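[1] please find the sequence and the predicted model below.
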Amino acid sequence: MIRPSDAPDLSHSPSEDEKDIALMLQVKVGNHEAFQQLLERHQNAVIGTVTKMLGNHSESEDIAQQVFIRLWKAAPNYQVKAKFTTFLYTITRHLVFNESRRRAKHRAQSVEQQEEDNHLSLAVDPSLTPNKEALYQELKDSIEHAIESLPETQRLAVILRRYENLSYEEIASILDLSISAVKSHLFRARTNLREQLSNYLSEQ
């Protein structure tokens, strides 16, 4: 239990990153309550990132849990060198890249099957009529499928930029790339996404 006298001085209205770092420094010395707070603060974002990287697999929550297990194990050696989220998403990157490579063939097959199933369900359901909600969901699904098909580095760069709103600098640290390389990956990703969504976009 963290006593008030042990807690960092928060009177200056610390940033979210400062709060994370303060908690992580408590985790470093074995504080389970601080670890639980970090888990609650970031687990949804990590689960979302893992799911977007790997698709809607039931194992996404398990992999996200592994991220936090590794975070706990790495805590004794933690050093404040960058934002906490950089440290967290670097761990996430290692796990999802390993899993992504392992699932590459299966993912390609499942995505293809899912697209076929979606096509069939639309074809046999006469009650579906064009409306804003349906069009929005169709665009959302198309974007998600297109992102899933990107090379893993491009995919994670897009997810971190688009969904987590991370800076180029932080993404570069997470991916262990230069900022120019990150911008290049994002440019190629946007080009790939436009190509894959060209049929949909041309119909709008």
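    In hand now; what should we look at? Keep in mind the model is a prediction, meaning the values are calculated, not measured. Numbers count the residues shown, from 1 in each chain.

[2] pLDDT of the host helix or strand of Thr86, averaged?
    Assigned by DSSP states H and E, Thr86 belongs to helix 84-123. Per-residue pLDDT values over helix 84-123 give a mean of 70.

[3] ditto for stretch 142-153
    86.

[4] straight-line length of that stretch, end to end?
    Its first and final residues considered, stretch 142-153 spans 20 Å by CA to CA, to the nearest Å.

[5] mind starting the numbering at 27 from now?
    With 27 as the first residue, the last one maps to stretch 168-179.

[6] what comes up buried for that stretch?
    By 16 or more other CB atoms under 10 Å, the buried positions in stretch 168-179 come out as Ser168, Ile169, His171, Ala172, Ile173, Glu174, Leu176, Glu178, Thr179. For every residue, glycine as well, the C-beta is placed using N, CA and C.

[7] could I get those as CSV with distance to Ala215 and secondary structure?
    Output for these, formatted as CSV (distance: CB to CB, whole Å; DSSP: H, G, I helix; E, B strand; the rest coil):
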residue, distance to Ala215, secondary structure
Ser168, 15, helix
Ile169, 12, helix
His171, 14, helix
Ala172, 10, helix
Ile173, 8, helix
Glu174, 12, helix
Leu176, 6, coil
Glu178, 11, helix
Thr179, 9, helix
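
[8] name the nearest of these relative to Thr217.
    The closest of the buried residues of stretch 168-179 to Thr217 turns out to be Leu176 (CB to CB; 10.5 Å).

[9] from Val93, how far out is Asn191?
    Counting by CB to CB, to the nearest Å, the gap from Asn191 to Val93 is 19 Å.

[10] repeat that for Leu65.
    Distance from Leu65 to Val93, by CB to CB: 10 Å.

[11] tell me which of the two has more neighbours.
    In this view Leu65 and Val93 are compared by other CB atoms under 10 Å, and Val93 has more residues nearby, 24 against 18.

[12] wait, the more buried one touches Arg119, no?
    No: Val93 is not in contact with Arg119 according to CB atoms under 8 Å; the separation is 9.7 Å.

[13] go ahead and flag the most central residue of the protein.
    Thr75 (1.9 Å; CA atoms, centre = their mean).

[14] ok, now which ones touch that residue?
    Contact analysis of Thr75 by CB atoms under 8 Å, 6 or more residues apart in numbering lists Tyr115, Thr118, Val122, Leu182, Ile185, Leu186, Tyr189, Glu190.

[15] ok, the fifth one touching Ile173?
    It refers to Ile185. Yes: in this structure Ile185 lies within contact range of Ile173 using CB under 8 Å: 7.2 Å.
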